[in-house]
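**Q** dropping the sequence and predicted coords here.
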Amino acid sequence: MEDQNAVAGMPDGWQRLWAPHRLDYLRGENRPLDGNDVACPFCKIPTMKDEEGLIVHRGITAYVVMNLYPYNPGHLLVCAYRHVPDLTDLTGDERNEISALAAHAMKTIRKVSGPDGFNLGMNQGAISGAGVADHIHQHVVPRWSGDANFMPIIGKTKVLPQLLQQTRDEISAAW
């Protein structure tokens, strides 16, 4: 129902939590999209120091990194070192290591922050929602009872109670 007394610039009773950094990502920051010259972030990250790149663990064929735009605290990505887009493009060793690293990530996050469950997933192709469609990566998203409250559902905003670097340090230390 529309408030007949609401006027532009006048309070309307809504609380707002602004997250302007998300707009940069939605517009293509750190994402290789048609029309921009952004290099693949998942190829660049392994060339960085672990703390700078938010890397939690380096394996033989894959590595684990904090998601720069997390859904929840502790949201990790397990990325192949090779720049390939699809699960079917991976070697058996790569598929096995990605799976093993995702399982180890779940155990580690349980020790660090005790989530009630996890979402695991790979978005294959841009049409499926992959932000970086050309470089395969597995999401490991810890979930807590009540974490999908009104903020993300109605406000399309996620409140994260911990800075990425602090979360990375805790997970890396527990790895």
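**A** Right, received. Where do you want to start? Residues are numbered from 1 along each chain as shown.

**Q** just name the shakiest helix or strand of this protein by mean pLDDT.
**A** Of all helical and strand segments in the chain, the minimum by mean pLDDT, DSSP states H and E falls on helix 150-153, at a mean of 53.

**Q** outside of the next helix or strand after that one itself, list whatever touches it.
**A** With elements assigned by DSSP states H and E, the helix or strand that comes after helix 150-153 is helix 164-174. Helix 164-174 has contacts (C-beta atoms under 8 Å, 6 or more residues apart in numbering) with 50-51, 54-57, 66, 68, 70, 73-74, 76, 105, 108-109, 111-113. C-beta here means a position set from N, CA and C on the backbone, and glycine is covered the same way.

**Q** out of these, which end up buried?
**A** 50, 54-57, 66, 68, 70, 73-74, 76, 105, 108-109, 112-113 (16 or more other C-beta atoms under 10 Å).

**Q** now intersect those residues with the strands, please.
**A** I55, V56, H57, M66, L76 (DSSP state E).

**Q** the fourth one contacts V56, correct?
**A** Yes - M66 lies in contact with V56 (C-beta atoms under 8 Å); the separation is 6.6 Å.

**Q** for these two, list the residues in contact with both.
**A** Taking C-beta under 8 Å, 6+ apart as the contact rule, M66 and V56 both touch L76, R168, I171.

**Q** looking at these, which one is closest to H139?
**A** Checking those against H139 with C-beta to C-beta, the nearest one is L76 at 7.6 Å.

**Q** what's near enough to touch the most centrally placed residue in the chain?
**A** Residue closest to the average C-alpha location in the chain (C-alpha atoms, centre = their mean): N67, at 3.2 Å. By C-beta under 8 Å, 6+ apart, the residues touching N67 are H75, L76, L77, H139.

**Q** can we see that at 7 Å?
**A** Neighbouring residues of N67 by C-beta atoms under 7 Å, 6 or more residues apart in numbering: H75, L76, L77.

**Q** R143 too?
**A** R143 touches N72, P115, D116, G117, F118, N119, counting by C-beta under 7 Å, 6+ apart.

**Q** give me the buried subset of these.
**A** Among the contacts of R143, those scoring as buried are N72, P115, F118 (criterion: 16+ other C-beta under 10 Å).

**Q** noted, bye for now.
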